[in-house]
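[1] Sequence plus the predicted model coming up.
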Amino acid sequence: MADPIWKDHFSDLGSVASQYFRIQVGGTTIYQGKAVRAASSGKLYVRINDICADYMSLRPADVPALSGSPSLAFPVSFTVQKSSNGSSWSTVETVAFNDDWSYDSSFNPSTDGMSFPITGRADIRQKIFQTRYASGSVTAGCLYGSTSRSITLSLDTSGHSTAFSEALVHAGVGNVMFDCNTYKTYSSKTLTQVTIGNAVWTVVQSCARFVLYYKNPFGGYDHLLMEGTYRRKKSISRDLFVADYDNRTFPQRREEWNWQNEVTDAFELHTGFMPESASVRMVYLLDSPDVYLCDLLNPSVIIPCIISNDSYDIQTYHNNGRQLIDYGLEVRVAQKEYRR
C-alpha cells in the first residue's frame, strides 16, 4: 500500500560514513546527491518524502521534460538507489506515495474516495469535478425531482483555463467533469441532485456569482459555492521617480513621474450560512495552496487565485455567539496587471 506523502520515510543506505544516492521515477533520475551519516547514528538514513513531494508538486509548465506525458498516475513509485562511487548503482527500495496531505493515517483513497464537499451544493450553471485514482468511465446519478437518470462520464482534464487544466492533469489518473448546465433539464424537469462515487451535491438555481475550486488535503479537487455577499476590490502599487524640472513653468511641468502601476484584483467573498458539519470542513479550502476562482457569469473561465486570510476560527454555533455560521474570505487573483 502506498504511503501518504506527509509521512516521513527514511531509506537505509547501510552502515557507511557516506554514500551517493539517487531517486528515479520510471527510470528517470529526479534527484541525485550525497548523504553523510550522523555521528550519533550507526547507519546512514536519508529522508526521501520531502524530495518526492517536490517532484509530485511539479506541473507540466514547470518542467519541459514532462510536457510530452504530463499526467502523474498516483500513487507514484520512486526507486531509491545507492552508489559508493557515483557510477555503479544498486537498488535500495521502491516506495510509492499518494498525494495525501491530510495527516490522517486512517485515510485510504481506494475506499474513502477523494471528494469531500464542504456544503455539497452546486449551482446549475457550474461544472463539478471529481478526482480519481482509478481510470475509466464513471456513472453520475442525477435526480430531476423524482425522476432519476444515469450519465456516463469520461476522464476530463482539458478545455479549461491553462493553470486549472494543468492542475487537473496533474491530479491522479484524471478527473471526471459533470457540467450541470449541459444536463440541467430532463423530461421537462430541472436537475436537483448529482451523485458521483461517494459525493452528493444538491443542485440549486442560486443568485451566487462565484465558485472556488480547490485541491483538498486528500489530493482531490472540490468546490465551494460562495452564496453570501461579495465585493470586488483593486489595490494599486505606484512606482514613482523624481525628475529635474524647470520651476519657471510651475506647476505645469512634472517633477514626479508615475512610471508604472502594479494592480492587484481581489475579492471579498462570503460563504453564506452553513451548518456546523460544513464548517468543520472549511479547513480543506482555507489550508489549500491550490485555489481557483470561477465567475458564474462566465463559467468556462477558471483562474488561479490566492486566499489572503492568515488566520481563521473554526466556527460553531456556540463559539460564534449562538449565531449562524458564515465565513469571509479575502481572495486575490494570482496574476497582477501592469500599467505604464
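    That came through fine. Numbers count the residues shown, from 1 in each chain.
[2] So, low pLDDT: which residues of the protein?
    59-72, 134-136, 156-162, 169-174 (pLDDT under 70).
[3] Show me it divided up by domain.
    Listed by automatic domain parsing, the domain ranges of the chain are 3-98, 109-231+263-339.
[4] Single out the most deeply packed of those domains.
    domain 109-231+263-339 (a mean of 17; mean count of other Cβ atoms under 10 Å). (Each C-beta comes from the backbone N, C-alpha and C, glycine too.)
[5] What is the end-to-end distance of that one?
    With Cα to Cα, to the nearest Å as the measure, domain 109-231+263-339 spans 46 Å from end to end.
[6] One more: stretch 211-228?
    The first-to-last residue distance of stretch 211-228 comes to 11 Å (Cα to Cα).
[7] Determine how far that stretch lies from the middle of the whole chain.
    Its chain's C-alpha centre and that of stretch 211-228 lie 8 Å apart, by Cα atoms, centre = their mean, to the nearest Å.
[8] I'd like the numbering to begin with 30 instead of 1 from here.
    In the new count, where the first residue is 30, that last one comes out as stretch 240-257.
[9] Show the residue spans covered by the helices in the stretch 230-369 of the chain.
    Assigned by DSSP state H, counting those that start in this stretch, the helices in the stretch 230-369 of the chain fall at 305-308, 311-315.
[10] Report all helices and strands that the longest one contacts.
    Under the contact criterion of 3 or more Cβ pairs under 8 Å, 6 or more residues apart in numbering; DSSP states H and E, the helices and strands touching helix 311-315 comprise strand 239-244, strand 250-255.
[11] coming back round to it: go through the helices of the stretch 230-369 of the chain and name the closest to residue 136.
    Closest to residue 136 of those, according to Cβ to Cβ: helix 311-315, at 12.6 Å.
[12] what separates residue 214 from residue 206, distance-wise?
    19 Å (Cβ to Cβ, to the nearest Å).
[13] re the thing from before, identify whichever of the helices and strands packed on helix 311-315 lies nearest to residue 327.
    strand 239-244 (11.1 Å).
[14] What pairs with the closest one, parallel or antiparallel?
    strand 250-255 (antiparallel), strand 320-324 (antiparallel) (DSSP bridges).
[15] of all those, which lies closest to residue 123?
    Closest among the strands paired with strand 239-244, using Cβ to Cβ: strand 250-255, at 28.0 Å.
[16] Touching that closest one from outside, list them.
    Strand 250-255 has contacts (Cβ atoms under 8 Å, 6 or more residues apart in numbering) with 144-148, 150-152, 155, 157-160, 196-197, 200, 204, 233, 235, 237-245, 298-301, 313-314, 323, 358.
[17] Stretch 299-318 too?
    By Cβ under 8 Å, 6+ apart, stretch 299-318 touches 145-149, 237, 241, 243-246, 251, 253, 255-259, 320, 336, 338, 341, 343-346, 353-358.
[18] go on, stretch 331-346?
    189-190, 192-193, 241-242, 295, 305, 308-309, 311-312, 314-315, 317, 320-323, 348, 352-354, 356, 358-364.
[19] Isn't residue 222 up against residue 228?
    No: Residue 222 is beyond contact range of residue 228, at 11.2 Å (criterion: Cβ atoms under 8 Å).
[20] Now list whatever residues contact both of those two.
    With Cβ under 8 Å, 6+ apart, residue 222 and residue 228 have no common neighbours.
[21] if we can go back for a sec, as TSV, the domains of the chain with distance to residue 276 would be great.
    Formatted as TSV, the domains of the chain follow (distance: least, Cβ to Cβ, whole Å):
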stretch	distance to residue 276
domain 32-127	51
domain 138-260+292-368	28
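[22] The stretch 30-179 of the chain: strands as residue ranges?
    Ranges of strands within the stretch 30-179 of the chain are 32-33, 39-41, 47-54, 57-65, 74-76, 105-112, 119-127, 150-152, 156-161, 167-173, 176-182, based on DSSP state E, counting those that start in this stretch.
[23] Any idea which of those gets closest to residue 264?
    Across these, closest to residue 264 is strand 150-152 (Cβ to Cβ), at 28.3 Å.
[24] partners of the closest one, with directions?
    strand 228-233 (parallel).
[25] hmm, what's the outermost residue in this protein?
    residue 277 (58.8 Å; Cα atoms, centre = their mean).
[26] how close does it get to residue 286?
    Residue 277 is 19 Å from residue 286, by Cβ to Cβ.
[27] for residue 128, same thing?
    Taken as Cβ to Cβ, the span from residue 128 to residue 286 is 49 Å.
[28] Comparing these two, which shows the higher neighbour count?
    More crowded of residue 128 and residue 286, by other Cβ atoms under 10 Å: residue 128, with 27 against 12.
[29] For the more buried one, give its distance to residue 250.
    Distance from residue 128 to residue 250, by Cβ to Cβ: 11 Å.
[30] Distance to residue 281 added to the helices and strands packed on helix 311-315, as JSON lines?
    Converted to JSON lines, the helices and strands packed on helix 311-315 look like this (distance: least, Cβ to Cβ, whole Å):
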{"stretch": "strand 239-244", "distance to residue 281": "46"}
{"stretch": "strand 250-255", "distance to residue 281": "49"}
